[in-house]
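Undergrad: okay, sequence plus prediction incoming.
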Amino acid sequence: MRYLPIDKMKPGMMLAQDVFDGGGSMLLSKDQVLHAEQIMHLNEMGYQGFYIQDPETEDIIVEEVIKPEIKGQMLQLVHNLFENEGNEQEQDIRRAVERAVEDLLGNGDVMFNMLNLRNYDEYTYFHSVNVAILAVVIGVRFGMNEYQLRCLATGGLLHDIGKKFLEISILNARRSLSEEERRIMLQHPKLGYEFIRDNFDFGQEVLLGILEHHECYNGEGYPMRKSGDEISIYGRIIKLADVYDAMTAKRPYRNPMLPSDVLEYVMAGNGSEFDPKLVSVFVHWVAVYPVGCEVELSDGRLAIVKHNYEGYALRPLVKIKETGEDLDLRSDAEARSITIIRLIV
């Protein structure tokens, strides 16, 4: 299979993965053949692209980090929580988080290795689920136990819940916020913390993850300007996952940044915005060039990423489009002078 941007999708192509909306409902199922009206509708909804079945890349397998049905359930839960006030979903959240963590722990050495299928109109719901998943990927590699990972996933899933109390005009503004609007926006971690504290029975670890997800390692974050280890490990991990997912997402007011550019941003923030110990984990286990995506090599050839190696984010195994041959940028002697110059999405 391979990933294709929405503007390259054509009628007759077959989906390789299920597609969900922000409420967790399945829009299209795996193996469905697309027609022109569906592609146009998905484009209008703001989806960036999809994984498709392709005879030329049938030997490329993109592993989903959690089962599609679990992701759909998590989307539904966070959507309903944003839309409703009650805490009747607490046990459902606990069960979904438990299943997600079990899935991630059962995946062994799987990397965060794919582009997320989402639309920008329902950004908040997709973002919440993605942050939970990425946070657990980081937490697993950081050595957290299963209880800690569940707390981390729950905090990631609920980290932006405070935004439900903000005006839509502020959340969706396509302009610079006024000083007063910015002051209001900066309150969302505290608002989310208070809402979950007062209406649910989640532990302090979850609450701290929500409250501290905009704190910076150097003390220049908000709302409390904590620094270093004053910030809980939950807050530090969710901060990193939050920034990565937000910057790689398409929004109505800007295009997404490439994963490679976001990796550079994270590395530049090592020790200032982010915990150095977590940055070290992040660069080993988050793929800069996700499997199934097309890349351009420095010698002008186009290729599809076939496999990523831990610790070698810039040197994956690729499949040359023109010839179908594999080229291992990490190990092949002939590839030592070849680099990837861009991701084509």
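TA: Nice, I can see it.

Undergrad: what's the neighbour count on the residue lying closest to residue 212 once chain neighbours are set aside?
TA: Nearest non-adjacent residue to residue 212, counting by CB to CB, 6 or more residues apart in numbering: residue 235, 2.7 Å away. Heads up, the C-betas are built off the backbone N, CA and C, glycines and all. By other CB atoms under 10 Å, 25 other residues sit near residue 235.

Undergrad: cool, and residue 286?
TA: Counted with other CB under 10 Å, residue 286 comes out at 24.

Undergrad: any idea how far residue 197 is from it?
TA: Computed with CB to CB, to the nearest Å, the distance linking residue 286 and residue 197 is 31 Å.

Undergrad: cool, and residue 206?
TA: From residue 206 to residue 197 the distance is 9 Å (CB to CB).

Undergrad: out of these two, which sits in the busier spot?
TA: residue 206 (27 against 15).

Undergrad: was I right about that one contacting residue 238?
TA: No. Contact criterion CB atoms under 8 Å: residue 206 and residue 238 do not qualify, at 10.2 Å.

Undergrad: intersection of neighbour lists for these two?
TA: residue 155 (CB atoms under 8 Å, 6 or more residues apart in numbering).

Undergrad: packing partners for the helix ranked longest in the chain?
TA: Using DSSP state H, we find that the single longest helix of the chain is helix 123-142. For helix 123-142, the elements it packs on are helix 68-83, helix 90-106, helix 146-158, helix 233-247, helix 276-285, judged by 3 or more CB pairs under 8 Å, 6 or more residues apart in numbering; DSSP states H and E.

Undergrad: for the second one, which outside residues touch it?
TA: For helix 90-106, contacts defined as CB under 8 Å, 6+ apart pick out 65-67, 70-71, 73-74, 77, 81, 110, 132-133, 136-137, 140, 146, 149-150, 153-154, 157-158, 200-202.

Undergrad: list the buried residues in the helix or strand bottoming out on mean pLDDT in the chain.
TA: Least confident helix or strand of the chain, by mean pLDDT, DSSP states H and E, is helix 168-171 with a mean of 73. Residues of helix 168-171 classed as buried by neighbour count (16 or more other CB atoms under 10 Å): residue 170.

Undergrad: what's it in contact with?
TA: Here helix 168-171 makes contact (CB under 8 Å, 6+ apart) with 124, 163, 177, 181, 184, 185.

Undergrad: I'd guessed residue 226 sits against residue 215; true?
TA: Yes. Contact criterion CB under 8 Å: residue 226 and residue 215 qualify, at 4.7 Å.

Undergrad: overlap of the contact sets of the two?
TA: What both residue 226 and residue 215 touch, as defined by CB under 8 Å, 6+ apart, is the set residue 235.

Undergrad: settle it for me: which of those two has more neighbours?
TA: residue 215 (27 against 20).

Undergrad: helix, strand, or coil at that one?
TA: coil (DSSP: H, G, I helix; E, B strand; the rest coil).

Undergrad: equivalent analysis for residue 65, please.
TA: Strictly by three-state DSSP, residue 65 counts as coil.

Undergrad: distance check, it against residue 286.
TA: With CB to CB as the criterion, residue 65 and residue 286 are 11 Å apart.

Undergrad: average pLDDT across stretch 315-323?
TA: In this model, stretch 315-323 has a mean pLDDT of 95.

Undergrad: that stretch: which residues count as buried?
TA: Buried residues in stretch 315-323, counted by 16+ other CB under 10 Å: 315, 316, 317, 318, 319.

Undergrad: in a markdown table: those, plus secondary structure.
TA: Shown next, in a markdown table, are those (three-state DSSP):
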| residue | secondary structure |
| --- | --- |
| 315 | coil |
| 316 | coil |
| 317 | strand |
| 318 | strand |
| 319 | strand |
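
Undergrad: was I right to think residue 239 contacts residue 215?
TA: Yes. Taking contacts as CB under 8 Å, residue 239 lies within contact range of residue 215: 6.6 Å.

Undergrad: burial of residue 300, as a residue count?
TA: Residue 300: 7 surrounding residues under other CB under 10 Å.

Undergrad: quick one: low-confidence parts of this structure?
TA: For the chain, the stretches with pLDDT under 70 are 85-87, 108-121, 172-174, 251-253.

Undergrad: all strands of the stretch 201-345 of the chain, in order?
TA: Residue ranges of the strands in the stretch 201-345 of the chain, as given by DSSP state E, counting those that start in this stretch, are 294-297, 302-307, 317-320, 326-328, 340-344.

Undergrad: dihedrals phi and psi, residue 52?
TA: Note on residue 52: its backbone torsions stand at phi -120, psi 160 [degrees, to the nearest 10].

Undergrad: tell me how far it lies from residue 321.
TA: Remark: distance between residue 52 and residue 321 (CB to CB) = 15 Å.
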